[in-house]
Every structure is written in C-alpha cells, then in structure tokens.
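Engineer: only geometry, no sequence info:
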Ligand code: DX5
Ligand code: ZN
C-alpha cells in the first residue's frame, strides 16, 4: 500500500441527514465509507442493518467498508454483500469457523477483512492472512464512537506490518486502524505501520470535513514517506 487512505466512520454522522453526510465526506475526498454494524450482543450497542447499507450504496460511488460487530456473521454475509458492501469485516472473537466465513465473503465476490479487538493476538491471522484484503486493528474496545485511543495498538500494528512484509503480502493486505483516530495521532499510527485510518468523531465532529480529511492525509502521508525512507 503506497498511499494513505481515509475512511470516515458514519457512526459519528448525523443519521437524520445520512445521505447528505455521506455525500459531504465523498466531496471532501474520503477514500472509503466505514459503516459500523452492531447487534447489541457481541457489542453493547445497536446500530443498523442491510437496508441502511442499501440506502448508502445509492448515494455514493465510494467503496463501502462494512465492519460487522455481530454474532454469527456467517448468517448475514450474503445479505450485506447484496446490500452493496465492498469490504466485509468479521471479528474472529465470534467466528469459530473463521476460515469458512472468509471463503464465504470471497465467494460472494467481496473483499474479506479480519478485525482484531485490543486483547486479540495476531496469531489468529496465521493461517488466513493470504486470503484477506485488509486487517483492521481496533484501537478501542468496539461498541461506541468517541472513545480514547489505546496506545498498545501501536506495537501491535508494527508487529502486523512485519508479519505482512515477511509473508510477501504488502501489496495485497492493507492495515486499517479504528478507534480514537484524530489529527494528533494520525502520524504515529501510520508511522507504526498502518495505511488506512478510520475516523468517526475525528472527522464528523469538525466543521470542515474537507480540511480535516486533507490534514489527516497529509500527516499520514508524511509519516508513510518517513517510514519508507527509514527502511
Ligand atoms: C467503534 C467503531 C468505530 C467508531 C470509531 O466500535 O468500530 O468505527 O465509529 O469512532 P471514533 O473515531 O469516534 O473513535
Ligand atoms: Zn468500525
């Protein structure tokens, strides 16, 4: 991954004006739209389902980065794929058959991603890494927007970057980070090894989305260049 991507999380958008908010971040040069699906079981919060994904699909051309924080995701993959998701993220903490779910996502013609909670080790990726387009490192415990970044995510991102490079998958698997990402920590997250930044309140709580996204990208890109010249 040779450039930094910015994925606004619509969890922090004004849901009463969702179509406008999605269009606004698209105009503001977002790369992906991050959509948080929560079931009230795996995480203590409830958000939205396939009908909302379908509605968002109609108002943007950007790829939909759908983060499934739900139990038994295998029962729902096809519905989210049909609704218009492009990348489907599943949590290994609720997937006893992680390999099968990843294959199910790929057979649906979508990109598969695995999301790791703060306490989940990288080892869970060992036998599936080559089948993924993205690994999402949670830098908060999932369930809510607006939480503080957990610093132990940084060495984890670095270890994951090393694993991806060692496996020769740097052009295939990207590293995204989700939770508490703001202007003031964007550079260190990219310096640690990430290439994609998910940000909810860090973008939607600011007045000028275009300016915030541009600044996140500039800080991230500078860090990416420093990282590649250091090697
Ligand atoms: C948390 C969600 C995040 C959330 C991030 O469970 O997965 O995507 O929207 O929100 P911020 O950027 O406000 O921490
Ligand atoms: Zn998320």
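Structural biologist: Thanks, I have the structure now. The structure displayed is predicted, hence computed values, not measured ones. Numbering: from 1, shown residues only. Ligands and ions are numbered 1, 2, ... in the order given.
Engineer: Quick check: the gap between the closest residue to residue 209 other than its chain neighbours and ligand 2.
Structural biologist: Among residues not flanking residue 209 along the chain, residue 28 sits closest, at 4.0 Å (CB to CB, 6 or more residues apart in numbering). For the C-beta atoms, the positions are set from N, CA and C on the backbone; glycine is no exception. Residue 28 sits 19 Å away from ligand 2, going by CB to the ion, to the nearest Å.
Engineer: ok, residue 28 - how many residues close by?
Structural biologist: Look at residue 28: counted by other CB atoms under 10 Å, it has 17 neighbours.
Engineer: Over to residue 23?
Structural biologist: Around residue 23 there are 13 residues (other CB under 10 Å).
Engineer: what's the pLDDT at it?
Structural biologist: According to the per-residue confidence, residue 23 scores 98 in pLDDT.
Engineer: tell me which element it falls in.
Structural biologist: Assigned by DSSP states H and E, residue 23 belongs to helix 18-27.
Engineer: mind listing what residue 53 touches?
Structural biologist: 35, 37, 64, 66, 80, 83-85 (CB atoms under 8 Å, 6 or more residues apart in numbering).
Engineer: just the angle between the lengthiest helix in the chain and helix 18-27, please?
Structural biologist: Longest helix in the chain by number of residues, with DSSP state H as the criterion: helix 209-230. Put simply, helix 209-230 runs at 40 degrees to helix 18-27, going by axes from the mean of the first three to the mean of the last three CA atoms, to 10 degrees.
Engineer: Contacts for helix 209-230, please.
Structural biologist: Taking contacts as CB under 8 Å, 6+ apart, the residues outside helix 209-230 that touch it are 2-4, 6, 8, 24-25, 27-30, 181, 183, 186-191, 193, 195, 197, 199, 202-203, 206.
Engineer: And the closest residue to ligand 1 within the chain, what's its pLDDT?
Structural biologist: Distance from ligand 1 to each residue of the chain (CB to the nearest ligand atom) is smallest for residue 200, at 3.0 Å. What the model reports for residue 200 is a pLDDT of 99.
Engineer: just to revisit the earlier point, return the subset of the contacts of helix 209-230 lying in strands.
Structural biologist: Counting by DSSP state E, the part of the contacts of helix 209-230 found in strands is 6, 8, 197, 199.
Engineer: helix, strand or coil for the residue in the chain positioned nearest to ligand 2?
Structural biologist: With distances taken as CB to the ion, the chain approaches ligand 2 most closely at residue 67, which sits 3.8 Å away. Recorded secondary structure, residue 67: strand (DSSP: H, G, I helix; E, B strand; the rest coil).
Engineer: So which residues of this protein form helices?
Structural biologist: Residue ranges of the helices in the chain, as given by DSSP H, are 18-27, 50-59, 77-83, 98-107, 153-166, 183-192, 201-204, 209-230.
Engineer: Deepest-packed of those, please.
Structural biologist: Among the helices of the chain, helix 201-204 has the highest mean neighbour count (mean count of other CB atoms under 10 Å), at a mean of 22.
Engineer: now check it, is it near ligand 2?
Structural biologist: No: Helix 201-204 is not in contact with ligand 2 by CB under 5 Å from the ion; minimum separation 12.1 Å.
Engineer: Could you list every helix and strand that that helix packs against?
Structural biologist: Counting contacts by 3 or more CB pairs under 8 Å, 6 or more residues apart in numbering; DSSP states H and E, helix 201-204 packs against strand 5-8, helix 209-230.
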